Structures are given as C-alpha cells and as structure tokens.
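> Turn this into a structure:
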Amino acid sequence: MKHGNTLRISASILAVAFLGACASGDYGPPPIATGTKAGGGTGTSDTSGGNGQKDIPGGIVASDNETISLVRYLGVGTNWPSTINQTSSASINQDGYSGFYTRVVILPSGTESVGNGDRRSYASERRGWFKRLLTEEARTVTAVAKVSVLEPDLPLTIPLYSVSYVSGGGDGDSWGTALTSSYVRSPLFLIGPNSRIAFNVSSKVSKDFNSGGLSTALSVVTSAVELAAPQTGLLTDLSSDENKQRAAALDNAISSLSSFSIDEDVELGRPISTWRPGAGVTITGCAPFVRSQNGGSASGSSKCATDTDMDGGINRHVGTWNLTLTCPQISVFSARNICDGTTKELVARDQIAPARATIAAQVSNSTVLELPLAENVTIWSHVRASDGFTVFLASSKSAADFGKYCGSTMSLMQGQGLNSFDAGLALRASLKMMPEFVEFRSKLQGGAEGANCRELMKDAGVTY
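Residues are numbered from 1 along each chain as shown. This is a model prediction of the structure:
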C-alpha cells in the first residue's frame with residue numbers, strides 16, 4: 001500500500017512540476033511568489049501573500065560605517081561627504097559653491113563599453129510552444145534614477161535600463177532591451193547657498209499573465225493533480241502525508257501561475273556644498289528573468305543576490321553607474337571650472353579672479369547676446385523686451401537713467417539664473433552691441449553718465 005502511495009505522490013509532483021514550468025518559463029517551477037515594495041526610502045512589504053525574500057545582499061552604503069541591506073535588485077553606495085571641509089581658509093568650497101554652475105551626469109563605472117561584455121541570450125529566455133499555448137506572459141524589469149535639485153528646482157528622470165519579454169497570444173514573442181550607458185542631458189544650473197540634491201533610485205520587477213491564459217493553465221494544473229493523486233474521502237493517518245504533499249504541490253503550481261509585482265526604492269541626499277572631486281553615488285542594477293550567453297552567471301554577478309530568485313534562476317548583473325556633478329564652472333560662456341586639471345583637486349580661491357578676467361577678455365559680446373535663455377529667447381531679445389530697456393529709451397539719458405538701466409539689466413539676468421559675473425558680461429555686451437547705446441560709448445567709457453554702470457560691472461568682475 002505504501003508503495004502505491006509513493007508512486008501516486010511522485011506522479012502528482014511530476015505533473016505539477018511540468019505544468020508549473022509551462023507557466024513560469026524554461027527555468028523550472030519557481031518558489032511561491034512573494035513581493036516586496038519599498039516606498040519613500042528603504043523598506044519592503046509583502047504584497048502577494050507569500051513568504052518574504054531571504055538572504056538579500058543588495059543595499060545602500062551611506063558612509064564607511066553605515067550599511068542598510070534590504071533591497072534586492074538595487075545596490076546604492078556613495079563616497080559623497082556629508083559635511084564641508086573647512087580646514088583651510090584657501091579652500092574654494094569653505095562656504096560652498098554658491099555662484100558657480102554645475103550639471104548632473106551619469107557616467108559608467110570604469111571604462112565605458114556597451115555590447116562587448118556578456119550579452120543577453122534571447123534564445124535561452126524563450127518559452128516553448130506548449131507553454132506559450134497555455135499562457136500569455138509578460139516579464140518586465142525596469143530601473144529609473146530620479147534626481148531632484150532643490151534651490152534651484154530641477155527634476156530629472158533618467159531611465160537606467162528596461163528589460164522585457166512578452167510571449168503567447170497572437171503576436172508571438174517580443175523582447176525589449178533599453179540601456180543608458182551615460183547621461184549628459186542635464187542643463188547647467190546655478191548653485192545657491194542652500195542647494196541640495198536628492199537621488200531616488202527605483203526598480204520594478206513584474207510578471208503578468210493574461211486572464212484567459214491563466215484560467216486555462218489553472219484548470220489544466222488542477223485536473224492533472226486530481227488525476228495523479230485523487231483526494232481521499234477521509235483524512236487518516238496513512239493519507240495525511242499524501243494530502244500535505246498534494247496540497248503543497250498544488251500550491252506551488254498555482255503560485256507559479258500568479259502575477260506579481262515588486263517595487264524597490266532607495267533615496268539618498270546631500271547638500272551640494274559638500275561635493276568634492278570624485279564624489280558621487282554608485283548604482284548597481286540586477287535583474288531576474290534575464291539570461292545571458294554565459295548562462296546568467298557572467299562576471300559581475302557577484303554584485304547581485306546569489307540565491308535563487310522568483311524565476312528559479314540567478315539574478316543577472318545589468319550594470320553599474322556613477323551619478324555625480326560636473327566640477328563647478330565659473331561661467332556659462334566658458335568650460336573653465338574650479339578643479340585643477342593635473343591634481344583633480346579644487347583650486348585655491350585666489351585663482352578665481354584671474355580666471356574670470358581671462359574669460360571676460362576672451363568671450364565675444366555677440367556670443368554673450370546669442371545665449372539661449374529659452375526656446376526662441378536669447379539674451380539680446382530678452383533685454384530688448386524688458387521694461388528697463390523700454391523705460392531707458394523714453395528717458396532723458398541722464399546718469400541716473402543709465403544707472404537704472406544697468407541695475408535693472410543685472411537683476412534681469414540674475415533672475416534668469418545667471419551669476420553676477422555672467423550678468424555683468426551680458427550688461428557689457430548690451431551696452432557695446434545694441435545700436436541705441438552707440439552714441440553714448442564715450443560717456444560709458446569714462447563719463448559721469450556711465451559711472452554707475454562701470455561700478456556694477458567692476459563689482460561683478462567685468463570691465464567695460
């Protein structure tokens with residue numbers, strides 16, 4: 001009798017395993033589906049009614065002695081200090097980088113190389129025809145970096161990668177792979193005394209079934225279990241283990257047919273004043289479902305979780321990125337920045353004034369006036385459309401009138417996000433290039449009428 005029970009249970013498990021694999025893919029039946037969701041920080045919650053993930057090595061390293069290990073598909077670390085180095089009075093960032101420009105960039109960790117490493121194996125991911133006949137399945141893995149600059153307000157959304165596979169139904173198989181290797185689309189922005197930056201990195205993993213396909217597959221799985229191991233009419237000591245194994249096998253098979261969604265979010269922030277050359281946030285992305293030409297265990301997979309994931313396979317290392325800021329620039333009209341080209345360290349404060357003088361001598365007035373401030377708006381057009389310019393044209397052109405125009409133009413440019421140095425360059429360009437000021441050049445050069453304008457430009461580091 002025991003021998004017959006053993007054969008019956010074995011047949012049940014084999015049937016459910018086969019049909020579970022039909023629904024979940026080529027990798028064998030996965031464990032009971034579980035879900036984790038983290039919102040607004042590092043946290044998880046089980047959304048599918050299953051058991052939580054265990055042995056999750058991913059996480060965030062916020063400092064040398066702080067590690068939070070909870071998320072699975074994201075690794076976030078930083079060497080960005082949390083305080084300003086004020087040990088030297090000559091340090092350019094003793095009071096932060098207010099008045100300089102920077103932009104957000106994403107750079108690859110190490111040498112940038114796309115398509116030269118371990119490649120995705122679409123053939124290994126493809127489900128067989130019988131599995132596609134039973135169910136329509138969609139697998140998606142995405143990771144997005146959202147950067148929020150505060151004061152000034154600048155939100156950026158940067159997709160890091162997206163991997164998808166859809167099979168079954170009338171459209172056949174469809175794969176998608178999108179990868180951001182590096183990112184330089186961020187505009188320059190003016191750093192203020194209270195500027196901060198927040199990095200939010202999120203990953204979403206989902207597996208969805210078409211309801212019609214799911215119903216068919218569920219019916220097949222249930223019927224197969226009933227045929228292989230019929231439910232006894234009476235629970236006895238002899239049938240107890242058989243019933244437990246049958247229930248467990250059916251539970252695993254049904255769970256493998258269930259859709260699930262996992263969301264992970266990690267946020268990390270810093271004052272921009274604490275940035276230093278080489279500082280940044282490192283992001284590591286890992287993905288289930290994805291198979292590579294080396295079987296999913298390619299070099300770099302040690303950066304991901306090493307246990308079996310929802311799909312019955314090992315997570316694949318997608319890439320590692322470094323989010324950082326460019327070295328602060330002195331002007332929007334020059335690529336000169338405040339980092340030493342040889343030592344890669346910050347320059348001393350006393351080197352800024354000579355650098356500004358060089359820029360002011362080299363940049364042409366026409367280049368300044370042609371700078372776009374918005375679509376179809378340049379410094380030239382913006383100044384000429386301003387109230388200050390209109391009022392000046394109708395004035396008597398006294399020293400006070402020139403002073404009001406120059407003061408309003410400086411404020412106008414600074415209100416558009418230019419620092420005082422660049423606003424001074426814009427003022428100088430308008431006085432030298434706009435036809436309305438041609439007859440007053442000598443007065444602007446040395447006369448009393450231009451005294452206020454010359455003083456404003458001098459304070460900004462610009463000479464007329």
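
> wait, what's in contact with Cys327?
Applying C-beta atoms under 8 Å, 6 or more residues apart in numbering, we find Cys327 in contact with Thr102, Pro277, Asn337, Ile338, Cys339. Where you see a C-beta, it was placed from the backbone N, CA and C, and this is true even at glycine.

> of the residues you listed, closest to Asp350?
Lowest distance from Asp350 to the contacts of Cys327 (C-beta to C-beta) belongs to Ile338, with 11.9 Å.

> For the stretch 301-450 of the chain, give me the ranges with low pLDDT.
301 (pLDDT under 70).

> Which parts of it are helices?
352-362, 365-369, 379-384, 387-393, 399-415, 420-433, 441-446 (DSSP state H, counting those that start in this stretch).

> Could you list the buried residues of the third one?
Translated: helix 379-384. Ile379, Trp380, His382, Val383 (16 or more other C-beta atoms under 10 Å).

> Pick out the most distant pair among those residues.
Trp380 and His382 (7.3 Å).

> Give me the spatial nearest neighbour of Phe150, chain neighbours excluded.
Slight slip there: residue 150 is Leu, not Phe. Nearest residue to Leu150, sequence neighbours excluded (C-beta to C-beta, 6 or more residues apart in numbering): Arg196, at 4.7 Å.

> same thing with Ala426?
Spatially, and ignoring its direct neighbours in sequence, Ala426 is nearest to Met413 (4.7 Å; C-beta to C-beta, 6+ apart).

> what about the one you found, distance to Leu190?
11 Å (C-beta to C-beta, to the nearest Å).

> who touches both of these two?
By C-beta under 8 Å, 6+ apart, no residue touches both Met413 and Leu190.

> Give the residue from those two that has the larger number of neighbours.
A count of neighbours by other C-beta atoms under 10 Å puts Met413 above the other of Met413 and Leu190, at 27 against 22.

> Provide a list of residues in contact with the residue nearest to Ala426.
Ile379, Asp422, Ala423, Ala426, Leu427.

> now the stretch 151-300 of the chain, which segments are flagged as low pLDDT?
Scanning the stretch 151-300 of the chain for pLDDT under 70 picks out the ranges 169-171, 209-258, 294-300.

> Strands of that one, start to end?
Counting by DSSP state E, counting those that start in this stretch, the stretch 151-300 of the chain has strands at residues 154-167, 174-179, 189-190, 196-209, 260-271, 281-287.

> so which of those strands is the most packed in?
Across the strands of the stretch 151-300 of the chain, averaging neighbours per residue (mean count of other C-beta atoms under 10 Å) puts strand 281-287 on top, at a mean of 24.

> what are the pairing partners of it, and which direction each?
The strands beside strand 281-287 in its sheet (DSSP bridges) come out as strand 74-78 (antiparallel), strand 316-325 (antiparallel).

> Rounded mean pLDDT for the first one, please.
To tie it back to what came earlier, the one meant is strand 74-78. Per-region confidence: strand 74-78 scores 88 on mean pLDDT.

> next helix or strand past that strand?
strand 101-102 (DSSP states H and E).

> Quick one: closest of the strands paired with strand 281-287 to Arg127.
Closest approach to Arg127 among the strands paired with strand 281-287 (C-beta to C-beta): strand 316-325, 17.6 Å.

> okay, the angle between the closest one and strand 260-271?
If you take axes from the mean of the first three to the mean of the last three C-alpha atoms, to 10 degrees, strand 316-325 sits at 20 degrees to strand 260-271.

> and the angle from strand 316-325 to strand 174-179?
Following the same axes, to 10 degrees, one obtains 30 degrees for the angle between strand 316-325 and strand 174-179.

> Strand 316-325 to strand 154-167, inter-axis angle?
When the same axes, to 10 degrees is applied, the directions of strand 316-325 and strand 154-167 differ by 170 degrees.

> tell me the domain boundaries of this structure?
The domain map for the chain lists 33-209+258-325, 349-459, with the assignment taken from automatic domain parsing.

> Format these as JSON lines; extra columns: distance to Phe333.
Formatted as JSON lines, the domains of the chain follow (distance: least, C-beta to C-beta, whole Å):
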{"stretch": "domain 33-209+258-325", "distance to Phe333": "10"}
{"stretch": "domain 349-459", "distance to Phe333": "5"}
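
> Could you report the neighbour count for Asp153?
Neighbours around Asp153, by other C-beta under 10 Å: 8.

> Would you mind confirming that Ala399 is in contact with Glu449?
Yes. The criterion here is C-beta atoms under 8 Å, and Ala399 meets it with Glu449 at 4.6 Å.

> Thanks a lot, catch you later.
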